[in-house]
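[1] Sequence and computational prediction follow.
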Amino acid sequence: MDYLINGLKLVVGLIAFLIVIRLLGKKHLAEMTPYDIIYLIMFGGILEESLYDNKISIWMFLFSLAVWAVAIFAIEKLVSRFNRLRILLKGEPAQLIADGKINQKAFKKNQLEMEQIRTMLRQQGIFSLREVRDMYIEPGGQISINSFAKYKSVLADDLGVEKKEEEPSVLLVDEGEVKSEVLHAIGKSNQWLEQGIREEGYHHAKDILYCEWSETNGFFIKGFADTIELNGHQPS
């Protein structure tokens, strides 16, 4: 009898899960907000407890699922009607870079590091921060990018020109800290780095928020003074 009840619970749980997925709409897991993930985790907890606790009857399980599904449906309807509630529960995009300027406040609020951003950029086929004009982090954690016009894709074959291959960049200075292990990996010295940043108009690495370098394009540097948070510029 216990096997039959557990089997019935699994079938009912599967049906309830499919119903909720329909409520969420046609989105990929990567597009789900933290709130979406939370109530899917709650579903797993309800199902697990009901399977391994014989005191929970099928009717109690059905009641829990009903309350859970109604709560989700009600919240989804409310957030679709009230924008402030939607922002509170599901969040909103945050602009990390505006017109080429880094928003330090947004970076800190979202607990992001430069190397994380570089990883996400590479996943979208962008190997240098110099190409990024505007960048947003979406509520689901993925990033959206608007590149500078000169870096946007051009059909070289259509123009009849040969486009040179570009070397990937490396991060040399992150928030004033020199990445010694990276310098060693590319066969460069601290003296070489100091000379390079002086030629770019910076006296000390501690004045630099972000510094990358590539064989193809050389140095690309953003100082602490060249950010949204410090210079007062706010994205429109």
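    Cool, got the structure. Numbering: from 1, shown residues only.
[2] for stretch 212-222, the distance to its chain's centre please.
    24 Å (CA atoms, centre = their mean, to the nearest Å).
[3] And for stretch 210-220?
    On CA atoms, centre = their mean, the centre of stretch 210-220 falls 24 Å from that of its chain.
[4] Now do it: distance from first to last residue.
    8 Å (CA to CA, to the nearest Å).
[5] Same question for stretch 182-202.
    OK, stretch 182-202 end separation, CA to CA: 20 Å.
[6] Check which residues of that stretch are buried.
    For stretch 182-202, burial by neighbour count (16 or more other CB atoms under 10 Å) applies to 182-183, 193, 196-197, 202. To be clear about C-beta, it is placed using only N, CA and C from the backbone, and glycine gets the same treatment.
[7] any residues touching it, and which ones?
    Residues from elsewhere that reach stretch 182-202 (CB atoms under 8 Å, 6 or more residues apart in numbering): 170-173, 178, 180, 203-205, 208, 211, 213, 218-219, 221, 223.
[8] now swap in stretch 89-100 and tell me
    Here stretch 89-100 makes contact (CB under 8 Å, 6+ apart) with 33-36, 75, 79, 102-103, 106-107, 109-110, 112, 117, 132-139, 143-144, 148, 228, 233, 235.
[9] follow-up on the earlier one: name the nearest of the contacts of stretch 182-202 relative to V11.
    For the contacts of stretch 182-202, the residue nearest V11 by CB to CB is L171; the value is 51.6 Å.
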